[in-house]
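Undergrad: attaching a predicted model along with its sequence, questions to come.
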Amino acid sequence: MAGRSNGASPMAPSSSAEAAANGGGGVDKGVDFANYFCTYAFLYHQKEMLSDRVRMDAYFNSVFQNKHHFQNKVVLDVGTGSGILAIWSAQAGARKVYAVEATKMADHARRLVEANGVADVVEVLEASIEDVDLPEKVDVIISEWMGYFLLRESMFDSVICARDRWLKPTGVMYPSHARMWIAPIRSGLGDQKMNDFESAMNDWRSFVAETDANYGVNMNVLTKAYKEENRKYYLKTSLWNNLHPNQIVGTPAIVKEIDCLTATIEEIREVTSNFSLNINVDRTRLSGFAGWFDVHFRGSLQNPATSEIELNTAPSAEDYTHWGQQVFLLHPPPRVNEGDAVIVSFSMRRSTENHRLMDVEFTCELQQSTGKRLPPVTSKFSIE
Ligand SMILES: C[S@@+](CC[C@H](N)C(=O)[O-])C[C@H]1O[C@@H](n2cnc3c(N)ncnc32)[C@H](O)[C@@H]1O
């Protein structure tokens, strides 16, 4: 592998690096590779990200409008994929770029690096970032690690691990900051999903009757389990959607702020927040909530960006991203009016079955503008 020539090589992980990769829990690396990494080895998947103009413009501008962070500097690209961020770092004047990719996409990245004339600067290493051994510390860590609603995929764990092992004390993170947002929304998706759920149950009832009539076995004892399975699928799993801003019916709230230079895995393992959302649309339904994120490229306090760039995945009339927003639907959706407030207690935790997926809980209390408070209701969701 090209990476070994100057001393950079994959090696057995240290126990702390492995623990970081696992988010502290015992994750089977083989299972994780099969479930998570495998899709990133396909060019079609990388192309989807490379075609997201909002994402591409933000990273491109962050690098080329802040060349002072890259010129003659050593850069580490965590999860280089096709190699795009590493190539831009080299084009912006980096002295050396370590481009680390866990999957076979590393082969494509290496070819792209060569074809674009930066092979003398960019060294592609096929390895988990947790396992890699670099010959030097780096000035910049660049990575596109964000999943749905920021933290799905738990890839930021790997960036934290890389930062703690390889970033110089004076180094900068690209991006430098991240935030998670939640807003109350209206949407026709709630009715649609409830109809889908009811159709599935009607179909099941016909199936039970027919199986009994045709084959003499009564399946009804499984009705409850089938209902739970379908309720989870149709009503309790968040939905991907690119919402229009006019679907937001109240003030959005920030539920988490992350400083990428200092954040710990402990800090992101669980997100909890209590907040109040003011409804600003009259006579509407609160169909549920939308969750999205933004990230900023600000450099550091000692070494700030000259041009601060934002990557925003909020509902927008003009743009959309491949992240869209995550929609959490309430069943039934309460009626709300301008001046009402929704008092929310929110939590998001890693799923116990798969640390890259999330379990989300909203406890909502509606405080009407008349002063009346409705009893709190708790709704649980999975981000799959
Ligand atoms: C969201 S993609 C971004 C790809 C590319 N940097 C870009 O911006 O187009 C994340 C990439 O990181 C890789 N990755 C995730 N975790 C990693 C880890 N622990 N070590 C090495 N690569 C990793 C994935 O295989 C995937 O190709």
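TA: Arrived safely. Numbers count the residues shown, from 1 in each chain.
Undergrad: rest of the way, CA atoms for contacts and neighbours
TA: Noted.
Undergrad: so who does residue 92 touch?
TA: 63-64, 67, 70-71 (Cα atoms under 8 Å, 6 or more residues apart in numbering).
Undergrad: I meant residue 181, not that one.
TA: Shown in contact with residue 181 (Cα under 8 Å, 6+ apart): 252-256, 291-293.
Undergrad: run through the bridge partners of it.
TA: Beta-bridge pairing of residue 181, defined through DSSP bridges, involves residue 254, residue 292.
Undergrad: Three-state assignment for residue 339, please.
TA: Secondary structure, DSSP: H, G, I helix; E, B strand; the rest coil: residue 339 is coil.
Undergrad: residue 258 reaches residue 175, doesn't it?
TA: No. Using Cα atoms under 8 Å, residue 258 is not in contact with residue 175, being 10.5 Å away.
Undergrad: so which of these two has more stuff around it?
TA: residue 175 (25 against 16; other Cα atoms under 10 Å).
Undergrad: tally of neighbours for the closest residue to that one other than its chain neighbours?
TA: The shortest distance from residue 175 to any residue other than its chain neighbours is 4.6 Å, reached at residue 297 (Cα to Cα, 6 or more residues apart in numbering). Neighbourhood size, residue 297 [other Cα under 10 Å]: 26.
Undergrad: residue 297 looks like it's in a strand, true?
TA: Yes. Counting by three-state DSSP, residue 297 is located in a strand.
Undergrad: which of the three states applies to residue 268?
TA: Secondary structure, three-state DSSP: residue 268 is helix.
Undergrad: quick one: it and residue 142, what's the gap?
TA: Taking Cα to Cα, to the nearest Å as the criterion, residue 268 is separated from residue 142 by 19 Å.
Undergrad: ok, these two, which is more surrounded?
TA: residue 142 (24 against 20).
Undergrad: ok, now which ones touch the more buried one?
TA: By Cα under 8 Å, 6+ apart, the contact list for residue 142 reads 75-78, 85, 173-175.
Undergrad: what of residue 69?
TA: Residue 69 makes contacts with 63, 140, 172, 305, as judged by Cα under 8 Å, 6+ apart.
Undergrad: show me the residues you listed that map onto strands.
TA: In this view, these that belong to strands under DSSP state E are 140, 172, 305.
Undergrad: report the contact partners of the last one.
TA: In other words, residue 305. Contacts of residue 305 by Cα under 8 Å, 6+ apart are 66, 69, 297-299.
Undergrad: for those residues, give me a markdown table that also has pLDDT and distance to residue 186.
TA: What follows is those, written out as a markdown table (pLDDT from 0 to 100; distance: Cα to Cα, whole Å):
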| residue | pLDDT | distance to residue 186 |
| --- | --- | --- |
| 66 | 98 | 40 |
| 69 | 98 | 43 |
| 297 | 98 | 32 |
| 298 | 98 | 34 |
| 299 | 97 | 37 |
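Undergrad: using TSV, lay out the residues you listed together with distance to the ligand.
TA: What follows is the contacts of residue 305, written out as TSV (distance: Cα to the nearest ligand atom, whole Å):
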residue	distance to the ligand
66	17
69	18
297	14
298	18
299	18
